[in-house]
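Student: What follows is a predicted protein model with its sequence.
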Amino acid sequence: MNFIENLVSLVNGILWDYILVIALVGTGIFLSFILGFPQIKRFGQAAKKVFGGIFKKEEIDTPHD
């Protein structure tokens, strides 16, 4: 049982320390090139969608007697 724990720990350390990090960063860079860097091109549009309504003053309908 101790052997299996050591083996799983070794494989886990290798995957999380090197292979997975490199794969995730590589995939992100690859997709950025393929898709034309949408995270940079559309940053202004995304910011307007997210923060656009924060400073708008909404009219509140109040009933008049």
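Tutor: Good, I have the coordinates.
Student: just the helices in the chain please.
Tutor: Along the chain, counting by DSSP state H, helices occupy 2-14, 20-35, 38-41, 43-51.
Student: Rebuild these as TSV, extending it with distance to Pro63.
Tutor: Every C-beta, even on glycine, is put in place using the N, C-alpha and C of the backbone. Listed next are these as TSV, based on distance: least, C-beta to C-beta, whole Å:
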stretch	distance to Pro63
helix 2-14	64
helix 20-35	51
helix 38-41	46
helix 43-51	32
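Student: can you tell me the average pLDDT over stretch 46-60?
Tutor: For stretch 46-60, the mean per-residue pLDDT is 81.
Student: Ends of that stretch, what's the gap?
Tutor: 27 Å (C-alpha to C-alpha, to the nearest Å).
Student: How far off centre is that stretch?
Tutor: Averaged C-alpha coordinates place stretch 46-60 at 23 Å from its chain's average position (C-alpha atoms, centre = their mean, to the nearest Å).
Student: Repeat that for stretch 42-59.
Tutor: Mean C-alpha position of stretch 42-59 versus that of the full chain (C-alpha atoms, centre = their mean) differs by 20 Å.
Student: for stretch 32-40, same thing?
Tutor: Distance of stretch 32-40 from its chain centroid, counting by C-alpha atoms, centre = their mean, is 14 Å.
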